[in-house]
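K.L.:
following is a predicted model, sequence given first.
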Amino acid sequence: MTENDKNPQLERWNNLAFGLGALCLLFIAFTEALGLSTATLRNVLIGGVFVAGTIMWLVQARKHCPHCGQMFGYHFRILRGNQCRKCGGDIRG
């Protein structure tokens, strides 16, 4: 692991984003179940989920491969999402 992977500030951002996304989803569920939801409220909460996901994506993109040190980068992965593009190693640890 590189120093960037253990950066407490990046982990804090990731945890805050995860909490924001969970809180927004929970609030959406409660307002929908109680019939208190409006279009504006829904859009604001979905925006919160979008912001949380974007923060988590940016934090993940700054991490490095534990095998070769290559930055994960901002490219979109569907197939072989847990493999480094440079060395093919498992990027999860």
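P.N.:
Great, that's in hand.

K.L.:
please count neighbours and contacts with C-alpha atoms only from this point.
P.N.:
Fine.

K.L.:
before we move on, which element is the residue nearest to the spatial centre of the chain in?
P.N.:
In the chain, the centroid-proximal residue (Cα atoms, centre = their mean) is residue 56; its distance is 2.4 Å. Secondary structure from DSSP states H and E places residue 56 in helix 39-61.

K.L.:
buried stuff in that helix?
P.N.:
Residues of helix 39-61 classed as buried: 42, 45-46, 48-50, 52-53, 55-57, 59-60 (neighbour count, 16 or more other Cα atoms under 10 Å).

K.L.:
quick one: least confident of these?
P.N.:
Minimum pLDDT across the buried residues of helix 39-61 is recorded for residue 60, with 82.

K.L.:
circling back: and the buried residues of helix 39-61 as JSON lines, adding distance to residue 16?
P.N.:
Below are those laid out as JSON lines (distance: Cα to Cα, whole Å):
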{"residue": "42", "distance to residue 16": "21"}
{"residue": "45", "distance to residue 16": "15"}
{"residue": "46", "distance to residue 16": "16"}
{"residue": "48", "distance to residue 16": "12"}
{"residue": "49", "distance to residue 16": "12"}
{"residue": "50", "distance to residue 16": "13"}
{"residue": "52", "distance to residue 16": "8"}
{"residue": "53", "distance to residue 16": "11"}
{"residue": "55", "distance to residue 16": "9"}
{"residue": "56", "distance to residue 16": "9"}
{"residue": "57", "distance to residue 16": "13"}
{"residue": "59", "distance to residue 16": "12"}
{"residue": "60", "distance to residue 16": "14"}
